[in-house]
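> test case, fold it:
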Amino acid sequence: MTDRQGIVMVYTGNGKGKTTSALGLALRASGHGEKIMMVQFRKSDPTYGEIQAIRKFLPTMTVVQSERSRFRGKGGFDPEDFADAANVFGIGRDALLSGEYDLVIFDEINFAIYNDFVTVTDVLEMLKARPKHVNVVLTGRYAADAIMEAADLVSEVRAVKHHFEAGIKAQQGVEF
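Numbers count the residues shown, from 1 in each chain. Next up, the predicted model:
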């Protein structure tokens, strides 16, 4: 599908549903036979429900998870965290620039940029160099202003109420 104009989409904000939105788009693209790549920063659990479902039901989608999944506030990371993020970014960048995929999702890349795992400059250069037909999704809290300016679509997921606040713990099928 090389005659289309790919778009850059950003899903950010402090609410729940950014990755879920990206996966909904992947489901839609898969229904049209499109080839999809998703790289995940700071997520390494292959037993998550969405990873299992992708492997079962979305044959046109490839997922690469990071090796390290420690989420923290700003700072406090070690060299292995940075090396892991560089590896994940490199895999995603190569997939995007290859033109082989119709949709490439960089899950939690905004968090990676915020924590200096990946530079805004590297992401912007990648977006400028991408093949014209490729759609790109960048998810995660703390999207940088320059990333939002470069995007064609920005959706902010805002937390209004969350079940964690009522003491309801993470549930299989909802959070993982």
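> quick check: longest helix of this structure.
helix 79-98 (DSSP state H).
> gap between D122 and D84?
D122 sits 16 Å away from D84, taking C-beta to C-beta, to the nearest Å as the criterion. To be clear about C-beta, it is placed using only N, CA and C from the backbone, and glycine gets the same treatment.
> need phi/psi at the residue positioned nearest the centre of the chain.
With distances taken as C-alpha atoms, centre = their mean, the residue of the chain nearest its centroid is D107 (1.5 Å). Phi and psi for D107, reported as degrees, to the nearest 10, are phi -80, psi 120.
> okay, buried residues for stretch 119-126 please.
Of the residues in stretch 119-126, 123, 126 count as buried by neighbour count, 16 or more other C-beta atoms under 10 Å.
> who touches that stretch?
89, 93, 96-97, 109, 113, 138, 144, 146-147, 150 (C-beta atoms under 8 Å, 6 or more residues apart in numbering).
> what do you get for stretch 51-59?
Residues from elsewhere that reach stretch 51-59 (C-beta under 8 Å, 6+ apart): 23, 26-27, 30, 36, 38, 45-46, 61, 63, 65.
> please enumerate the strands of this protein.
Ranges of strands in the chain, per DSSP state E, are 8-12, 36-40, 61-65, 103-107, 135-139, 153-156.
> adding mean pLDDT and distance to F77, write those strands out as a markdown table.
Shown next, in a markdown table, are these (pLDDT from 0 to 100; distance: least, C-beta to C-beta, whole Å):
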| stretch | mean pLDDT | distance to F77 |
| --- | --- | --- |
| strand 8-12 | 98 | 21 |
| strand 36-40 | 98 | 17 |
| strand 61-65 | 97 | 17 |
| strand 103-107 | 98 | 18 |
| strand 135-139 | 98 | 19 |
| strand 153-156 | 98 | 26 |
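> let me see the confidence value for A112.
With respect to pLDDT, A112 scores 95.
> in contact with it, which residues?
41-42, 85, 88-89, 118, 140.
> what does A151 give?
8-10, 138.
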